[in-house]
Structure formats: structure tokens, C-alpha cells
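Enquirer: Next comes the sequence, and after it the predicted model I'd like to discuss.
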Amino acid sequence: MMSETSRFTEDILKAAAEKADKIIHEAQAETQRASDEAKASISREAEAIIRSAHADAEAVKRRETSEARHKSKLREEREKDVIMTEVLDHAKKRVLDMAKDVDKYLPYLTNLVESAIRQLGDQTLLVHLNKADMARIDRANVEREIASGLKTPIKIEWSKEPIVAAGGAIVSSPDGKTRIVNTLDERFDALESKLLIEAGKSLFGQ
Amino acid sequence: MSGIETVKVIVSAEKQAAKMIQDAEATAADIRKRIDSLIQQQRTEMLGTAKKEASALVQQAEEEGRREAESYEKESAVRTRELIARASLKKSETVEKLVTLVMQREK
């Protein structure tokens, strides 16, 4: 039979064992909580890294495709420019060739001079031509055509100094203070943007 | 059992009990100490995995982007060739239009 002393010591040891268990369980529970909290926090951090990577990935992909689109667009524009420039050059050459044919050129030159006179609004004018036109153009005929077109008498003086131009004329007031430049070169410059738009429409349907 | 023997037995049991508690506290301290390095290790592993995944995602996107870009450029080159070929057929007609524009009478 167990003595009183034995029971007492057994109680002491039992209580100690229970306390020891409690101490260890508490430490385990405490570290488990800390571990769970840490895991949750690390998970959030990891998720943030992945989220940011998704955004970076999207941006990288967008950049690659956007650069490709930009490069392709530039290449297309360059190739269009080549064909537009070619067409414009051919058109200029055709007009300059036409200027060599006096029968076709004369009505055109007459129109350029008449248009300049209308803009100046004077009845006495000085007309400048290039050297080739000065030699080949029947000025009296041009004057008659212009007078007929304007339906008013005008006095044209023909400058003895040739201009440097592929064709066309410069018309000025007698004192030279006001002048309208209607040379072929000027006409091309003035019409360039319009010609490019028309060429774009005709070639590419723009 | 004499009174002295009884006291000795009890004192011995109390010493044993105190040792048990002391050992338990040492074990608890050890558990607490280990958790820091465990968390650090978990952190390194989890973030390392996340960074690898992130890097793979970006790399994959770069490859996809490059493939899409190449495919777009090829398609675009074909479209441009066709556009230029169609335009080339209209060159003469366009030159005529431009000449007419330059030559038309000004009002």
C-alpha cells in the first residue's frame, strides 16, 4: 500500500510534470502563432512580387509590340515617301517637258501672267521671263490673250533682264515694289502640299 | 520510515520537480530561439521562389512579346509590299492627276 509520503512526492512530481508540459506547450503555441503570422506576411510579400512581375511582364510585352508597330509604321511611311517623291518628280518632269512645247506652254504661261495681273490689280505692269521664253514667246499674242481674258486694256512692259526659272513669269508693278512670283518653280513649291495630298489619295486611297 | 527519511524523500522529489521545470523552461527557450531562424529560412525560401517565378514571368512575356512583334512585323511587311505594289500600278494615273493640277487655269 502506498504510504502518505509516496503519494505526496508523486503529487509533487505530477504537478511539476504538468507545469513542464504547459511551459513547453505554451512555447510551442507561441512559436506556431509567430510562424503563422510570419508566413502570412511573407506570403503577402511574395504575392506583391508576383503582382509586380505580372505588371512588368505586361509592360514588357506591350513595349515589344508597340516598338514593332512603330517600326513597321515608319518603314511603311518611308516606302510611301519613296513612291510619292518618285511620282512628284515625274509630274515635275512632265510639266517641264511640256514647257518645252511652246504650243502647250503658251496658254499656261498666259494664264500665269493673267493670274498675277489680277492679283496685282494694276493696269501697267512689268513682266519678267526666263531667257528661253524671252526668245521664243510671241509677246504681242500673249498681251492680246491677256487683254481678252481680263476684258480690260492693260499695258505690259517686258523686262529685258531674264529671270532664273524653269518657266513661268514674275509680274511686278512698274516700280518693282510689288511683285507676284508665278514661276514654275514657285508654282511647284506653292502646290507641293496639295500635290502630296492628291498623290496620297490617288496612290494609297488616303 | 523515520521523520528525517520522510523529509529527505520529499526534498528529493521537490528537487526532481524543480529540475523538470527547469528543463522544460530550457526546452521552451530553445523552441523560441529556433523560431527566428526558421522564419528567416522560410522567408528566404518563399521570397526566393517568388522572385524566380517573377523572373520567369517577365522572361516569358519578353519572349511572347518578341514573337508577337516578329509576327506583326512579318504581316506588316506583307501588307506594305501589297500596298506599294497596288500604288505602283497607279503611278502613271497619279502623275497625270498632278500634272493636271499644276496646269489647271487659275481663276
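Expert: Cool, got the structure. Residues are numbered from 1 along each chain as shown, chains lettered A, B, ... in the order given.
Enquirer: any idea how far A:V142 is from A:G149?
Expert: Here A:G149 is placed at a distance of 10 Å from A:V142 (Cβ to Cβ, to the nearest Å). To be clear about C-beta, it is placed using only N, CA and C from the backbone, and glycine gets the same treatment.
Enquirer: More neighbours: the two, which one.
Expert: Set A:G149 next to A:V142 and count neighbours by other Cβ atoms under 10 Å in any protein chain shown: A:V142 wins out with 22 against 16.
Enquirer: pLDDT averaged over the longest helix seen in chain B - what is it?
Expert: Longest helix of chain B, by residue count under DSSP state H: helix B:3-89. Average pLDDT, helix B:3-89: 94.
Enquirer: With stretch A:165-184 instead?
Expert: In the prediction, stretch A:165-184 has an average pLDDT of 92.
Enquirer: Flag every buried residue along it.
Expert: Using 16 or more other Cβ atoms under 10 Å in any protein chain shown as the test for burial, stretch A:165-184 gives A:165-172, A:180-184.
Enquirer: Now, the residues you listed that are in helices?
Expert: Using DSSP H, the buried residues of stretch A:165-184 in helices are A:L184.
Enquirer: Now intersect the buried residues of stretch A:165-184 with the strands, please.
Expert: Among the buried residues of stretch A:165-184, the members found in strands (DSSP state E) are A:G168, A:A169, A:I170, A:V171, A:S172, A:I180, A:V181, A:N182, A:T183.
Enquirer: Among the residues you listed, give me the pair with the biggest separation.
Expert: A:G168 and A:S172 (13.6 Å; Cβ to Cβ).
Enquirer: Now find how far off-centre stretch B:10-23 is within its chain.
Expert: Offset of stretch B:10-23 from its chain centre (Cα atoms, centre = their mean, to the nearest Å): 54 Å.
Enquirer: Just the CA coordinates for it, please, in CSV.
Expert: The C-alpha trace of stretch B:10-23 is given here as CSV (Å, rounded to 0.1, in the frame of the first residue of the first chain):
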residue,chain,number,x,y,z
ILE,B,10,10.2,15.0,-0.1
VAL,B,11,13.2,17.2,-0.6
SER,B,12,14.5,14.9,-3.3
ALA,B,13,11.1,14.9,-5.0
GLU,B,14,11.0,18.7,-4.9
LYS,B,15,14.5,18.9,-6.4
GLN,B,16,13.4,16.5,-9.1
ALA,B,17,10.3,18.6,-9.7
ALA,B,18,12.4,21.8,-9.9
LYS,B,19,14.7,20.1,-12.4
MET,B,20,11.8,19.0,-14.5
ILE,B,21,10.5,22.6,-14.7
GLN,B,22,14.0,24.0,-15.3
ASP,B,23,14.5,21.5,-18.2
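Enquirer: Switch the ones in strands among the buried residues of stretch A:165-184 over to a markdown table; also include distance to chain B.
Expert: Converted to a markdown table, these look like this (distance: Cβ to the nearest Cβ, whole Å):
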| residue | distance to chain B |
| --- | --- |
| A:G168 | 11 |
| A:A169 | 13 |
| A:I170 | 15 |
| A:V171 | 13 |
| A:S172 | 18 |
| A:I180 | 11 |
| A:V181 | 14 |
| A:N182 | 9 |
| A:T183 | 12 |
